[in-house]
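*Asks:* Sequence and predicted structure, then a few things I'm wondering about:
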Amino acid sequence: MKAKATQAPSNAANEANAHASERSEVKSARRTLEMLEFFAARHGPATVSEVADALDYPQSSTSMLLRTLESLGYLIHDTATRSYRPTLRVMLLGTWMHDELFGQASLFSNMEQLRLHTGQAVLVGLRQGIHVRFILSLPSHKPNALRYSVGVMRPVCLSAAGKMLLTRESDREVQRIAHRANAQATSSEQCVNVPALVAEVRACRERGWAESIHYPRAGYANLSMLLPAIAGQPHMGITLGMSVDTLSARKGPLLRALENAVRSLVP
């Protein structure tokens, strides 16, 4: 007997699969927003089981969504308590509306003033493991300026923001992070000299600022400082992105502008 030929899926089956996929995406989007609203009402951290119980979600999908939001920089995870809480990236989604309605005293408006004053790109980032994730990015309006997308990640051991964030760690922890980053590097350009990095982080800690030259691309540079600590939030760094020529010509004024921006946010 001849075997029956396998029939291609019908148009009706393909359409049904497409509708099922759309429904799943809509459900995930709804649950993501409901999670953020849950944290807004809770005013504090929550574990996976607490979120799942409060919203009546399966624990597995709750855990997956929380991990996704953490990887995107919207949540931070406390391994000691196994709890999650929102980062400032959530707040920044609507900051422009707050400024428009209630005044000009927020992180966003201060960063916008820094951009207007210096003419350079302004970024705010936090450390996630061996990377820095930028949760705020205001691009420079100058021609040929480098554009940084919100959410972009950079190696913590190479970027100016990363070096400043490492100043919050001990020398031993900086070594551990550097060795881990080198082990996961995909090219020799991503590897760092560990003793040299520890010495550079010490220097950054003493002077209060860090720089990266010809990084993330040749011809570009960054200056970075730490933002004032905010209760319940990870340490964050503020960065000015510019060309190497601009850094050489205006380093002093740019550092003073950066320092003034940081001071304006001290409570």
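*Replies:* Yep, it's here.

*Asks:* Just the pLDDT for the residue nearest the centre of the chain.
*Replies:* Ranked by distance to the mean C-alpha position of the chain (Cα atoms, centre = their mean), the top residue is Arg133 at 2.6 Å. Looking at Arg133, its pLDDT is 88.

*Asks:* give me the element it is part of.
*Replies:* Arg133 is part of strand 131-138, with elements assigned from DSSP states H and E.

*Asks:* again, but for Ala261
*Replies:* With DSSP H and E as the test, Ala261 turns up in helix 244-263.

*Asks:* List the contacts of that helix.
*Replies:* Under the contact criterion Cβ atoms under 8 Å, 6 or more residues apart in numbering, helix 244-263 has outside partners 110-111, 113-114, 117-118, 120, 208-209, 211, 213-214, 219-221, 223-228, 238, 240, 242. All C-beta atoms are positioned from the backbone trio N, CA, C, and that covers glycine.

*Asks:* coming back round to it: which secondary structure elements does the strand holding Arg133 contact?
*Replies:* If you count contacts as 3 or more Cβ pairs under 8 Å, 6 or more residues apart in numbering; DSSP states H and E, strand 131-138 packs onto helix 88-92, helix 107-118, strand 121-128, strand 153-155, helix 160-166, strand 236-243.

*Asks:* Out of those, which gets nearest to Ala80?
*Replies:* With Cβ to Cβ as the measure, strand 121-128 is the member of those nearest Ala80 (16.9 Å).

*Asks:* can you give me the mean pLDDT across the closest one?
*Replies:* Here the average pLDDT along strand 121-128 is 92.

*Asks:* so how far is it off the chain centroid?
*Replies:* Once both centres are worked out by Cα atoms, centre = their mean, to the nearest Å, strand 121-128 turns out to sit 6 Å from its chain's centre.
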